[in-house]
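**Q** after the sequence you'll find the predicted model.
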Amino acid sequence: MKALRTIGIKKAVRFVGFQCVAQMLHWMTVPQLRAVLMRLLGARIGGDTIVHDMTFSNLYHYGFSRLTIGRQCFIGDEVLFDMRGTIVLEDHVTLSNRVNIVTHINVGYPDHPLQRVYPTKVECVRIKRGAYVGTGATILPGVTVGAQSVVGAGAVVTKNVPDRTVVAGVPARAVKKIRL
């Protein structure tokens with residue numbers, strides 16, 4: 001009951017509705033149809049973008065209105081989008097399988113003892129044109145991944161990544177500059 005009192009009945013109903021929408025998206029087997037449904041629900045998605053089977057969290061806050069995906073992007077299977085904050089993927093971005101895009105941090109209920117030290121934080125995640133994010137990487141709130149950069153598999157990105165830079169590790173650190 002504490003959860004219902006915290007979010008209220010309106011958000012609880014939105015939660016159930018968007019869980020149904022998320023299941024519909026899982027059932028769709030054609031990536032282009034998934035993108036069409038997401039557009040109808042408020043996402044901005046460019047042409048020639050492939051959206052495989054994704055998972056969404058926190059859709060009940062704002063739906064798909066904070067999601068922008070550019071042209072000719074590729075979103076792999078089991079990618080997680082935390083829709084509490086804004087997510088912007090510019091043109092030609094590739095997210096490999098099981099990438100996590102996290103837009104907010106919340107330690108728990110408002111009366112959780114850590115709330116004073118770690119208050120809820122909601123920030124945009126932006127992945128710029130031509131970037132590639134490897135399998136299982138996690139991008140944390142407020143991070144911008146630079147244009148034509150590479151995030152290594154399994155990396156946890158806590159800080160902005162400059163353009164044309166390869167980062168890897170936990171936490172992610174620059175390992176190479178890309179020369180084009």
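**A** Arrived safely.
**Q** bridge partners for Val145, pull those for me.
**A** Ile127, Val161 (DSSP bridges).
**Q** any idea how far it is from Met83?
**A** Val145 is 18 Å from Met83, where distance means C-beta to C-beta, to the nearest Å. No exception for glycine: its C-beta is placed from N, CA and C like everyone else's.
**Q** neighbour-wise, which of these two wins?
**A** Between Val145 and Met83, Val145 has the larger neighbour count (other C-beta atoms under 10 Å), namely 28 against 24.
**Q** would you list every one of the helices in the chain?
**A** Under the criterion DSSP state H, the chain contains helices at 2-27, 31-40, 59-62.
**Q** same list, those, but as a markdown table with mean pLDDT, mean neighbour count and distance to Gly76 please.
**A** Shown next, in a markdown table, are the helices of the chain (pLDDT from 0 to 100; neighbours: other C-beta atoms under 10 Å; distance: least, C-beta to C-beta, whole Å):
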| stretch | mean pLDDT | mean neighbour count | distance to Gly76 |
| --- | --- | --- | --- |
| helix 2-27 | 88 | 12 | 14 |
| helix 31-40 | 91 | 16 | 10 |
| helix 59-62 | 92 | 19 | 20 |
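**Q** to Ile50, which of those helices lies closest?
**A** Closest approach to Ile50 among the helices of the chain (C-beta to C-beta): helix 31-40, 4.7 Å.
**Q** please state the offset of the closest one from the chain centre?
**A** 17 Å (C-alpha atoms, centre = their mean, to the nearest Å).
**Q** can you check stretch 146-158 too?
**A** The answer for stretch 146-158 is 14 Å, by C-alpha atoms, centre = their mean.
**Q** stretch 68-87 too?
**A** In terms of C-alpha atoms, centre = their mean, the centre of stretch 68-87 is set 5 Å apart from its chain centre.
**Q** same question for that stretch: list its buried residues.
**A** By 16 or more other C-beta atoms under 10 Å, the buried positions in stretch 68-87 come out as 68-70, 73-76, 79, 81-87.
**Q** what about those residues, which are in strands?
**A** Thr68, Ile69, Phe74, Ile75, Val79, Phe81, Asp82, Ile87 (DSSP state E).
**Q** CSV please, covering these and showing pLDDT and distance to Thr55.
**A** As requested, these are arranged in CSV below (pLDDT from 0 to 100; distance: C-beta to C-beta, whole Å):
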residue, pLDDT, distance to Thr55
Thr68, 98, 18
Ile69, 98, 15
Phe74, 97, 17
Ile75, 97, 11
Val79, 98, 7
Phe81, 98, 7
Asp82, 98, 10
Ile87, 98, 13
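**Q** out of these, which one sits closest to Met54?
**A** Checking these one by one against Met54 (C-beta to C-beta), the nearest turns out to be Val79, at 4.9 Å.
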